[in-house]
Structures are given as structure tokens and as C-alpha cells.
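Q: Below is the sequence, then the predicted model.
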Amino acid sequence: MGFMSIAIFIFIVAGVAIYAYARSRKVNLDSSEGLFLGGRSLTGITIAGSIVMTNLSTEQIVGQNGQSYASGMEVMGWEVTAAVAIVALALIFLPKYLKYGVDTVTDFIEIRFDTTTKRITSILFIFTYVVSFLPVVLYSGSLVFNQIFSIDEMLGVDPLVAIALISGIAGIIGLLYLLLGGLRLSAFSDTVYGIGLLVAGLSIPILGLYLLGDGGILGGFETIRTNTPEKLNSFGAVDSDMVPWPTLFLGLLFNNLFFWCTNQMIVQKALAGRDLKEGQKGALYVGIFKIFGALFLVFPGIIAYNMLGDSIEPADNAYPMLVTAVLPEWAFGIFAAVIFGAILSSFVGALNATTTLLTLDFYKPLKKNVTDKQVSRMGKIFTVTIGLISALIAPFISFAPAGLFHVVQQFNGLYSMPLLALILLGFYSKYATPFAAKVTFVFHIIVYGSSQLFTDIHYLYVFSVILFVDIFLIWAISRFGPNAKPFEFPKTEAKVDLTPWKHRKWVSAMILIMVVAMYWFFSPMGIAN
């Protein structure tokens, strides 16, 4: 990057921070609700921006494009089918969470089951965020940032030093975000970066198609369709290592329901809405975004394959190489700011969720007669501690053995399906008991762990079966085991207005139709022939 690009980068990052801080000053950060839930003041747009940017990390942008470079549009399953789960969040899960007045997903587990089950779930969330998300987001984001913008060459230092520097800066800014403005500040920042990511992200495939088509976008698209039609097929083979097509309706759908409907990191943003209507708006806006997100999270990998050849190793280098090939010099500062925003937003979102669980699930209940101001102060201490630990660990991930990232990411499977089963039966069964929940957790960990250690079965196929087994096990033990008596939710007062968004049904239907249309388009019935 030249001097002008650096100046533009600093101007944008500083401008977004100042804007977000100004918009966040209305919230009292001395209260736990103000710090962790933005004072329940977010609107649909800010909820959507916050969820999108918490979900989108540079690892995902680069990784999914790398996968599509290698295998094609089947990778879009992670994006497009997520919209189905997000509709479920808006219409089913969010209304129930708000009805019971919970601040976290684990609060619902405690109300419906017991405190021990809640803390087991909370520990698994916290462990996953601290080990497999926070440091990895900082490291992989910094790695990609350095790869695209050559910070090490600019500073004349070793690449690991540059990565450590970028990780440290992102970590410090993230800490300042949460300490100065809490969730509300990060939500407004995420909204701006989300718009920037949409514009900048779409510009890469547009420019790539333009160059590939010798000055015509449609010409570039026709070149891809002529040369590599097989890569435009969104239905992966039954034995695909990426997304086998049968799992679209089972394992992948179940995984999406866990991630979008029961994952504290995501759900917390929807719970921060000022009412149910705004929460549903925000969720459904995200659903629309996810459908079209495939156009810049997956499709550029196929453009790179056609433009740069089939010899890029590793495949994750495809997206950075495409960016440097198509982006004009004057735009590097803008794109750098957007990529930095993606690193920052994912880090802040996961950090806020981690400290929320630590503070509200462990510190507050175990500390007798604690005031709300003390809870908020301890939340800030946890924020600084976890944030600094993550920033310090991030550079050392480069020394981890090959394949560790994949193993750590699969750790989610140890608890995702039983947690989803617990919440579904918590909603709809009066007989699900805490004893059954604990037995099912143990059973699932043993069976799922064995399937990954001793077989070559794709974990999405395992999800396709084991969720039904988990649900049946909870039901059977609860119905015929000890303490099999019907459960009644205690009467609680909702913390926000529960009037639903009047347009929720037709917007949800439109999203589901768009999902089907996207899959038809990228199929042998559409353009993949």
C-alpha cells in the first residue's frame, strides 16, 4: 500500500470508530444490560449489521473462496441454507427467548432444566470461543491482511512480527470498543463495516468478471460457464469432502440451526433489540444477506480458478491473489479498512459473548449481594483479560501442527447437537428433565468423538443421524426415568414489547423461495450444464 492508501485506511477506521462512539453514548455502561446488551436499544439495521459482521471473519472470506476454487459452488451451502435457520430464529426461537425474559441462551437452559446443565453449556461455549475462535480470528485475519497488503515488506520485518502487530492493534481497538461503548458501539461500527463489506466484497467478482471477459461482465460469466460448468453446480457429490448434497436437508441444516438459533455469539445481538419487532427485522435482513453473500464469499474462488489457473497452492491463496490482481491501487486503502473491520467485528462479537457468559453465568450468581454496577465492572475486567490473552496467543497459532484448525473447529460438534436437542425439547416437551440432559451430553460426546476419531464418516452425515438420537434419548429418559413429571415455565415478565413484525411472514416466505431459486440457478437445471 502506498502513502495515500494508508491515509485512507486510517481515515476510515478512525471515522467509523468516532461515529460509533457518538451513537453509543446514550447507553449506561455501568449496568450489565447496557454493557452486554446495548441497553436493549438496537434497531433492525444495527442488529443485522452486528450479526453479519460477527459471523463474517476474514478466515471465512478466504477459506470459503479457497474451497470453491478447489471444488466449486457446493460450498455455498454454508451461506445460502443458513437463511432457512435464520427464518427459524426470527419466527420461532427469538419470540420464545424474549417471552421468558432471558439475557443469554444459557439462561433459558437454567430456567427449563437446572443450573448445572446451564454451566456445562456455558463452559463449552466459553472454551470454544477462547480456544477456537478468538485467537484464530485474530491470527487468520492478520495473516490474510498481511498477505494482501504486504505489511511485513512495508515495515521490513518478518511476517510473524507483522501478524503479531496487526493482531495486537485489532485486539486493542476491540477492547476499547467494548470498554468505551459496549455492545451498542460495536453494533453501530459493524453496521458501517457491513455496508462496506457488501460493496467492497461484490466489487471483487464484478471486477474479476470484467477482466475475464475482456471488458464485459457477461462475457466473463460466459467464459466461466463454457470452461468450467461443473464448478457452477451447488450440489456436491455424495462422498464430497466439502458439502455432500444429502446433508443440505439434514446435517448442514441442523448445524445451521445450532449456529444461528442457539449460539450465544449470534443470539445475543438479536436479544439486544429494543423489541421483538426489531429483532425479527434484523434477523430476516441477515437472511437476505446470507443468500447473496455467496456471490462474494464463494463465487470469486471460481473466478480465480478461471483467471489465475489451477495450480494455486494452497487453495486459500486464491482469494488474496485475485484481490491483488483485480483491485486498482487507489482502492487498496478502502478494501484494507473493510477487511480490518471484519477482523475487528468478529473478535469483538465473540469477546462480548464470552465475557457475558463469564459474568452473568458465573460471577453474578456466585457473588452474593453484588450490585449491577459491580457486575458491569467485573465484565470489563473479564473483557480486558480474555482480550489480552487472545491477542497474545494469536501469533503462536502459526506454530501449531497442520490440521489443528480443522480439529478445533470440529470441537463444536461435541455439544452443538445435544444443545439444539435440549432447546427444542425445552420449547415443546413438558417432560424433558435435567437428568436426561446430562446423560445425553455424555452419550453424545462419546459417540460423536468416536465417529471422528475412528471412522472417516463426514461429520455432517453424523449430525444428520445423531440429532434424532439425542432427541429420542432425552425424550425416552425423561418420560420413563426418574422425576417424570410435567414441567411448567414460571410466570415471567418480558423485558421488551413482544408485538411481532407485521411483515415477518411474507418476508420469511420470500427468503425461502430465494433459497430454492439460488439452488436451482446453480444446478444442472440452471447454468451448471
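A: That came through, no problem.
Q: for this protein, longest helix please?
A: Using DSSP state H, we find that the single longest helix of the chain is helix 159-212.
Q: Give the rounded mean pLDDT of that one.
A: If you average the pLDDT over helix 159-212, you get 87.
Q: Please apply the same query to stretch 227-240.
A: pLDDT averaged over stretch 227-240 gives 91.
Q: Tell me where this structure is predicted with low confidence.
A: Within the chain, the segments meeting pLDDT under 70 span 1, 29, 34-35, 37-39, 398-410, 482-484.
Q: what's the nearest residue to the residue most central in space within it if we skip its chain neighbours?
A: Centroid-nearest residue in the chain: residue 55, 2.5 Å away (criterion: CA atoms, centre = their mean). Spatial nearest neighbour of residue 55, excluding adjacent residues (CB to CB, 6 or more residues apart in numbering): residue 266 at 6.8 Å. Using the backbone N, CA and C atoms, a C-beta is placed for each residue, glycine as well.
Q: and the host helix or strand of that neighbour, what does it pack onto?
A: Under the criterion of DSSP states H and E, residue 266 resides in helix 264-271. The contact analysis (3 or more CB pairs under 8 Å, 6 or more residues apart in numbering; DSSP states H and E) places helix 264-271 against helix 32-37, helix 44-55, helix 94-99, helix 105-112, helix 159-212, helix 251-261, helix 276-297, helix 332-358.
Q: export the ones you listed to JSON lines and tack on distance to residue 454?
A: Compiled in JSON lines, those are given as follows (distance: least, CB to CB, whole Å):
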{"stretch": "helix 32-37", "distance to residue 454": "41"}
{"stretch": "helix 44-55", "distance to residue 454": "32"}
{"stretch": "helix 94-99", "distance to residue 454": "37"}
{"stretch": "helix 105-112", "distance to residue 454": "30"}
{"stretch": "helix 159-212", "distance to residue 454": "36"}
{"stretch": "helix 251-261", "distance to residue 454": "19"}
{"stretch": "helix 276-297", "distance to residue 454": "33"}
{"stretch": "helix 332-358", "distance to residue 454": "31"}
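Q: how about those helices, which one is nearest residue 144?
A: Among the helices and strands packed on helix 264-271, the nearest to residue 144 by CB to CB is helix 332-358 (7.0 Å).
Q: Between the helices and strands packed on helix 264-271, which one is closest to residue 489.
A: Taking those one by one with CB to CB, helix 105-112 is closest: 6.9 Å.
Q: what's the helix or strand following the closest one in contact with?
A: Next in sequence after helix 105-112, counting helices and strands by DSSP H and E, comes helix 115-128. Contact with helix 115-128 is made by 104-107, 109-110, 263-264, 353-354, 357-358, 361-362, 365, 411-412, 414-415, 419, 422, 434, 437-438, 441, as judged by CB atoms under 8 Å, 6 or more residues apart in numbering.
Q: Now do whichever helix or strand comes after helix 115-128 against helix 159-212: the angle between them, please.
A: Going down the chain from helix 115-128, the next helix or strand is helix 134-149, by DSSP H and E. Here helix 134-149 points in a direction 60 degrees away from that of helix 159-212 (axes from the mean of the first three to the mean of the last three CA atoms, to 10 degrees).
Q: what does the strand or helix carrying residue 220 contact?
A: Assigned by DSSP H and E, residue 220 belongs to helix 217-227. Contacting residues not belonging to helix 217-227 are listed as 206, 208-213, 231-232, 302-303, 306, 527 [CB under 8 Å, 6+ apart].
Q: what do you get if the cut-off is 10 Å, keeping everything else the same?
A: Residues outside helix 217-227 that contact it (CB atoms under 10 Å, 6 or more residues apart in numbering): 205-214, 216, 231-232, 299, 302-303, 305-307, 527-529.
Q: List the buried residues for that helix?
A: By neighbour count on 16 or more other CB atoms under 10 Å, the buried set for helix 217-227 is 217, 220-221, 223-224.
Q: again, but for stretch 505-513
A: Using 16+ other CB under 10 Å as the test for burial, stretch 505-513 gives 507-508, 511.
Q: From the chain's centroid, how far away is that stretch?
A: Centroid displacement of stretch 505-513 relative to its chain, using CA atoms, centre = their mean, to the nearest Å, is 22 Å.
Q: The residue nearest to residue 55 - how many residues pack around it?
A: Residues near residue 266, counting by other CB atoms under 10 Å, number 23.
Q: ok so, going back, from the chain's centroid, how far away is the helix holding residue 266?
A: From the chain centre to the centre of helix 264-271 is a distance of 10 Å (CA atoms, centre = their mean).
Q: just stretch 96-109 next, same as before
A: 20 Å.
Q: measure that stretch end to end?
A: Using CA to CA, to the nearest Å, the end-to-end distance of stretch 96-109 comes to 12 Å.
Q: Ok, stretch 148-159 next?
A: So stretch 148-159: terminal residues 12 Å apart, CA to CA.
Q: quick one on the thing from earlier: verify the stated contact: the residue nearest to the centre of the chain with residue 61.
A: No: in this structure, residue 55 is not within contact of residue 61 by CB atoms under 10 Å, at 11.0 Å.
Q: shared neighbours of these two, which are they?
A: 293, 342.
Q: Just the angle for the host helix or strand of residue 475 relative to helix 251-261, thanks.
A: Element membership for residue 475 (DSSP H and E) is helix 459-480. Relative orientation of helix 459-480 versus helix 251-261 (the same axes, to 10 degrees): 70 degrees.
Q: Okay, buried residues for helix 459-480 please.
A: Going by neighbour count (16+ other CB under 10 Å), the buried part of helix 459-480 is 459-467, 469-471, 473-475, 477-478.
Q: Could you do stretch 232-245 as well?
A: Using 16+ other CB under 10 Å as the test for burial, stretch 232-245 gives 232-236, 240, 242-245.
Q: Farthest-apart pair in these, please.
A: 232 and 244 (17.9 Å).
Q: Show me what counts as buried in stretch 145-157.
A: Judged by neighbour count using 16+ other CB under 10 Å, the buried positions of stretch 145-157 are 145-149, 151-152.
Q: Run through who's touching it.
A: The contact list for stretch 145-157 (CB under 10 Å, 6+ apart) reads 1-2, 5-6, 9, 58, 62, 142, 158-167, 170, 316-317, 319-324, 327, 332-333, 335-336, 339-340, 342-343.
Q: Just the buried ones from the residues you listed?
A: Among those, those classed as buried by 16+ other CB under 10 Å are 1, 5, 9, 58, 62, 142, 159-160, 162-167, 170, 316-317, 319-323, 327, 332-333, 335-336, 339-340, 342-343.
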